[in-house]
Every structure is written in structure tokens, then in C-alpha cells.
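Novice: Sequence and computational prediction follow.
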Amino acid sequence: MSTTPADDRSAPDPFENAAVLDARSLRGLAHPLRMRVHQLLQKAPATGKAVAERLGISSASASYHLRQLETYGFIREDPDLGTSRERWWRAEARGFRLPEHLDTEAPELTTALRHAIAAGWSERLGAAVNQWSAQPEGWREAQFMADRTLDLTLEQAEGLRAELIEVLNRHAARGGPGERTVHVQLAAFPSPEPGADPDA
């Protein structure tokens, strides 16, 4: 989830055309495999067969999850690409927003969704680590992994979030010759370790 600062109009809002989840549609994405199917279709339209081959799953499994995504409004059939023998699917929106009120209205589903997101992050990072040393010179040094533990007040944590979003938005407005798609994964949360929060 993200918003573009009002004073930075040059930065595109990556969630401008995102679907806004509610308690019903949340069920459509709260599954690791369904999340992968949805992410694949956000890149480009595909057939059920292509989805199955790309994700290494059975055609029956791909068809089931495609139907579920269609039921909840995340994808639609593209008749312009389809034929009498093949159905093509495309994503309806670019990304999604998870309203914070759903954490109290449907906590089990928001937890399942975040687990699905975290699983995707882990898979993507694992693939990047496998290719880390093989990246060309320059890109090999530019990539990084970092982990920091901070002691923050609620106000400071909110400020950190706003600053990080501003940095991402600023760099999203750039680009140029030789650009590549770069994935940036960020997460900030109170430590879940027992005894880490004296006020809990």
C-alpha cells in the first residue's frame, strides 16, 4: 500500500489503478498459489495452459484458481485474444490496496493474504540470491540485502514509513538508458520476539 506525497507530482502512484479489497474479495487472493497466478497475469495476458506451465502446476489447478480469481473480480477473459479452443485471461487492475480496517474486520483473511505475499517475496528473493554472483559488473555491486533493528516510537515509525515511500516514489519517476526492472521489498513491524516489547 502506498500514496504519493502531495508535493511530488512527478512521481507516478503505483496504486493509481489498484483494486481496493473488501472482506469478500479478500478471499480471492488469500492463497499463495492464487497470488502467484494473479501476479503473472498482471505482467501480461495468458492462457490457462501457459499459467500451468509457467508456475509448474497442473492444468486443473490452474483452471480452478483462474475461475476463483474471475469470481472475485481480479481477472477477466479477453475475447479479443481467445479462440474457440483457448481462453485468454488478463488482470482487471494493477495491484491492490488493503484497507487497514480489514485487519479488525477480517483478521484471519488479512493474515492469510500477508502470508501469501511473504511467500512470494521469499521465492523472489531466493531466485535473486541464486543469480546474485552471475549479475554483470555494476549491477552485481548495486544489488543489496540489509536488515536493521531500530528502537522507535509510534510517531517515528510512521515517519520512517512516509520517508521510505517518498524515496520509492522519487526513484520511480526516474529511468533512462540501460534501465532494468528492480524489485524492492520492504517490511517494518514491531518485533514479534517474546520480551522484545516491555509495554506488551
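Specialist: Nice, thanks for sending it over.
Novice: thought Leu164 was touching Gln185?
Specialist: No: contact criterion Cβ atoms under 8 Å: Leu164 and Gln185 do not qualify, at 11.7 Å. All C-beta spots, glycine's among them, are computed from the backbone N, C-alpha and C.
Novice: Spatially central residue in this protein, please.
Specialist: Ile117 (6.2 Å; Cα atoms, centre = their mean).
Novice: Under a three-state scheme, what state does Ala62 occupy?
Specialist: helix (DSSP: H, G, I helix; E, B strand; the rest coil).
Novice: The residue nearest to the centre of the chain and Met35 touch, don't they?
Specialist: Yes: using Cβ under 8 Å, Ile117 makes contact with Met35 at a distance of 6.8 Å.
Novice: how about Lys49, what does it touch?
Specialist: Taking Cβ atoms under 8 Å, 6 or more residues apart in numbering as the criterion, Lys49 is in contact with Ser59, Ala62, Glu86.
Novice: State the distance from Ala173 to Glu166.
Specialist: 11 Å (Cβ to Cβ, to the nearest Å).
Novice: Give me the more crowded residue out of those two.
Specialist: More neighbours surround Glu166 than the other of Ala173 and Glu166, with 16 against 12 (other Cβ atoms under 10 Å).
Novice: element containing that one, please.
Specialist: helix 154-172 (DSSP states H and E).
Novice: And that helix, what's buried?
Specialist: Under the neighbour-count criterion of 16 or more other Cβ atoms under 10 Å, helix 154-172 has Ile165, Glu166, Asn169, Ala172 buried.
Novice: Over to stretch 76-87?
Specialist: Buried residues in stretch 76-87, defined by neighbour count with 16+ other Cβ under 10 Å: Arg87.
Novice: gap between that stretch and the chain center?
Specialist: 26 Å (Cα atoms, centre = their mean, to the nearest Å).
Novice: Also stretch 129-147?
Specialist: The answer for stretch 129-147 is 21 Å, by Cα atoms, centre = their mean.
Novice: Which residues does that stretch contact?
Specialist: Contacts of stretch 129-147 (Cβ under 8 Å, 6+ apart): Leu125, Ala128, Arg180.
Novice: What is the burial count for the first one?
Specialist: Spelled out, it's Leu125. If we define neighbours as other Cβ under 10 Å, then Leu125 has 13 of them.
Novice: Please report how far it lies from Gln156.
Specialist: Counting by Cβ to Cβ, the gap from Leu125 to Gln156 is 27 Å.
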